[in-house]
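> I'd like to go over a predicted model; first the sequence, then the structure.
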Amino acid sequence: MAGRNFLFVPGPTNTPDRILRAMHVAMEDHRSSDFPKLAAPVLENLKKIFKTAAGQPYIFPASGTGAWEASLSNTLSPGDRVLAARFGMFSHLWIDMAQRLGLKVDVIETEWGEGAPIERYHEALAADKGHQIKAVLITHNETATGVTSDVAGLRKALDDAKHPALLMVDGVSSIASIDFRMDEWGVDCAVTGSQKGLMLPAGLGIVAVSQKAAARYDQATLPRVFFDFGDMRKANATGYFPYTPSLSLLYGLRESLAMLFEEGLDNVFARHHRLAEGARAAVKAWGLDLCAREPRWYSDTVSAVMVPSGINAAEIIDIAYRRYNLALGAGLARMAGRLFRIGHLGDLNECMLLGGLAGAEMAMRDAGIKLTPGSGVGAAEEYWRGTAAPLEKRELPPRAPDAQPAAPAAKGKATAGAAR
Ligand SMILES: *Cc1c(COP(=O)(O)O)cnc(C)c1O
């Protein structure tokens, strides 16, 4: 199919050409004396993405799921209790992993579409006088429902209950797109992957570890080998990895960090917010609801759009893909067919997102949803026009005079085009 594929799933996201070029490298010896010049600054600069000074980021050749596992297996022991809310597919999968690793999970069941219930976390922590709960898990941005939760609020709940449990945060679809403050929020393990806000292909699982979490490593007896923090720490200390790192992705990550710092993290967050507001204006103009129940939970990286009953969202996604070369995200598990997701994170601007919204509009109409053509696109356009940064004045070439009425033609001469 001619033209670009419009990639609007919430990960993988678009990889900028600059990053693609940076990754296009011949392979090198990862044990050479030059290698630390690549690895060491990347590890150091990653700290700024997590907003941590005291924490240590580790990069595994894995995906976000691997970084989940690294967090749990390096800090906990079989039978340890952990506390976690389940309110979407990703929070579910992390809980499922914890259970399969042999941890006892106290699950706070929460409606899909709501954020993590901070009060219920607080109740459970306050009731745990013996401090049996060793870790508290929260999914910062639940990508399945388009819901962002209050990590700072959960830190406060831990502090109010004077509870020493580790705070582990899944930031796979928030970090580098939505403000995340590891040190300020007292996060002990912060998890992300390469293929969302970092605009890279999948292939890196990244976890930043606080000193408090690192101190649990020695007592923690869950088995870990590939994901062992100790091996990683030792090798990273001299700028190396304990096994073959993904060289191309490290070059890509270096470029991605450079791009994020050039734009400025706060500007990156503001851009995501503004793009998301435009997408939400479109959804409202379509007369549809978001899965996220309240504005305080609206995600700036993904909008999950509920479709009217009687319509199968899978059909919208299929039409969008096959007819318009547009990839939208599917509803997962109990949301299958009931919603589709528009990922608006990473390397994205207004006109790109308008393309995604226009394609979604066409596919929805094709699938039988009655909405006014252009309504969502128009609402997003107007929101973005109304919130655009003012332009500096620039000298422009003047407009040419309007065409004058053609002079009476001389006999025998052609007149058409005379004014040109
Ligand atoms: C994408 C995602 C994951 C899973 O990451 P993989 O890289 O697919 O392993 C985990 N959590 C959240 C919130 C995500 O969005």
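Done, it's in.
> quick check, residue 108 in contact with residue 118.
No: counting by C-beta atoms under 8 Å, residue 118 is not a contact partner of residue 108; they are 10.2 Å apart. Glycine gets a C-beta too; all of them are placed from N, C-alpha and C.
> what are the ranges of the strands in the protein?
Ranges of strands in the chain, per DSSP state E, are 6-8, 56-60, 81-86, 104-109, 133-139, 141-142, 147-148, 166-170, 189-193, 205-209, 302-306, 326-330, 339-343.
> pLDDT averaged over the fifth one, what's the number?
Which is strand 133-139. The average pLDDT for strand 133-139 rounds to 98.
> which other helices and strands does that strand contact?
strand 81-86, helix 89-100, helix 118-127, helix 151-160, strand 166-170 (3 or more C-beta pairs under 8 Å, 6 or more residues apart in numbering; DSSP states H and E).
> show me how the protein divides into domains.
Here the domain assignment for the chain is 17-262, 264-387, based on automatic domain parsing.
> can you tell which of the ones you listed is closest to the ligand?
Closest to the ligand of those is domain 17-262 (C-beta to the nearest ligand atom; 2.8 Å).
> which residues touch the residue most central in space within the chain?
Centroid-nearest residue in the chain, with C-alpha atoms, centre = their mean: residue 173, separated by 2.6 Å. For residue 173, the contact set (C-beta atoms under 8 Å, 6 or more residues apart in numbering) comprises 10, 11, 90, 140, 141, 143, 196, 197, 299, 301, 302, 345.
> ok, residue 76 touching residue 134?
Yes: at 5.8 Å, residue 76 and residue 134 qualify as touching, with contact defined as C-beta under 8 Å.
> the longest helix anywhere in the chain: which residues count as buried?
Of all segments of type helix in the chain, defined using DSSP state H, the longest is helix 265-286. Within helix 265-286, the residues that qualify as buried are 265, 268-269, 271-283, 285-286, counting by 16 or more other C-beta atoms under 10 Å.
> show me what that helix is packed up against.
Under the contact rule (3+ C-beta pairs under 8 Å, 6+ apart), helix 265-286 is packed against strand 302-306, helix 350-366, helix 375-386.
> same thing but at 6 Å, please
Judged by 3 or more C-beta pairs under 6 Å, 6 or more residues apart in numbering; DSSP states H and E, the packing partners of helix 265-286 are helix 375-386.
> gap between the helix it packs on and the chain center?
With C-alpha atoms, centre = their mean, to the nearest Å as the basis, helix 375-386 stands 23 Å off its chain's centre.
> kindly report the same for stretch 361-372.
Using C-alpha atoms, centre = their mean, the offset of stretch 361-372 from its chain centre is 27 Å.
> now stretch 189-207
The answer for stretch 189-207 is 9 Å, by C-alpha atoms, centre = their mean.
> surely residue 135 meets residue 166?
Yes: using C-beta atoms under 6 Å, residue 135 makes contact with residue 166 at a distance of 4.3 Å.
> what does the stretch 1-150 of the chain have sitting close to the ligand?
11, 63, 64, 65, 90, 139, 141, 143 (C-beta under 6 Å from any ligand atom).
> residues contacting the closest residue to residue 278 other than its chain neighbours?
With sequence-adjacent residues excluded and distances taken as C-beta to C-beta, 6 or more residues apart in numbering, residue 278 is closest to residue 380, at 3.9 Å. Applying C-beta atoms under 6 Å, 6 or more residues apart in numbering to residue 380 gives the contacts 278, 281, 282, 357.
> separation between residue 380 and residue 350?
Distance, residue 380 to residue 350, by C-beta to C-beta, to the nearest Å: 8 Å.
> got it, and residue 126?
Counting by C-beta to C-beta, the gap between residue 126 and residue 350 amounts to 46 Å.
> can you pick out the residue with more neighbours from these two?
Under the criterion of other C-beta atoms under 10 Å, the comparison of residue 126 against residue 350 puts residue 350 first, with 17 against 13.
> could you report the neighbour count for the closest residue to that one other than its chain neighbours?
In this structure, residue 350 finds its nearest non-sequential neighbour in residue 384, 4.8 Å apart by C-beta to C-beta, 6+ apart. Number of residues near residue 384 (other C-beta under 10 Å) recorded here: 19.
> wait, residue 384 touches residue 276, no?
No: taking contacts as C-beta under 6 Å, residue 384 lies outside contact range of residue 276: 11.4 Å.
> ok, back up a step: most neighbours among the residues of the stretch 1-150 of the chain next to the ligand, which one is it?
Sorting those by how many neighbours each has (other C-beta under 10 Å) puts residue 139 first, at 34 neighbours.
> mind putting the helices and strands packed on strand 133-139 into a markdown table with mean pLDDT?
Output for the helices and strands packed on strand 133-139, formatted as a markdown table (pLDDT from 0 to 100):
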| stretch | mean pLDDT |
| --- | --- |
| strand 81-86 | 98 |
| helix 89-100 | 98 |
| helix 118-127 | 98 |
| helix 151-160 | 98 |
| strand 166-170 | 99 |
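> follow-up on the earlier one: and the furthest pair within the contacts of residue 380?
Spatial extent of the contacts of residue 380 (C-beta to C-beta) is set by the pair 281 and 357 at 9.6 Å.
> what is the neighbour count of residue 396?
Quick note: residue 396 (other C-beta under 10 Å) scores 6 neighbours.
> residue 132 too?
12.
> can you pull the residues of the stretch 201-350 of the chain lying near the ligand?
Listed as neighbours of the ligand in the stretch 201-350 of the chain under the rule C-beta under 6 Å from any ligand atom: residue 202.
> low-confidence ranges in the stretch 201-350 of the chain?
Low-confidence segments of the stretch 201-350 of the chain (pLDDT under 70): none present.
> quickly list what the nearest residue to residue 92 once chain neighbours are set aside is bridged to.
Closest residue to residue 92 apart from its sequence neighbours, by C-beta to C-beta, 6+ apart: residue 86 at 5.1 Å. Beta-bridge partners recorded for residue 86 (DSSP bridges): residue 109.
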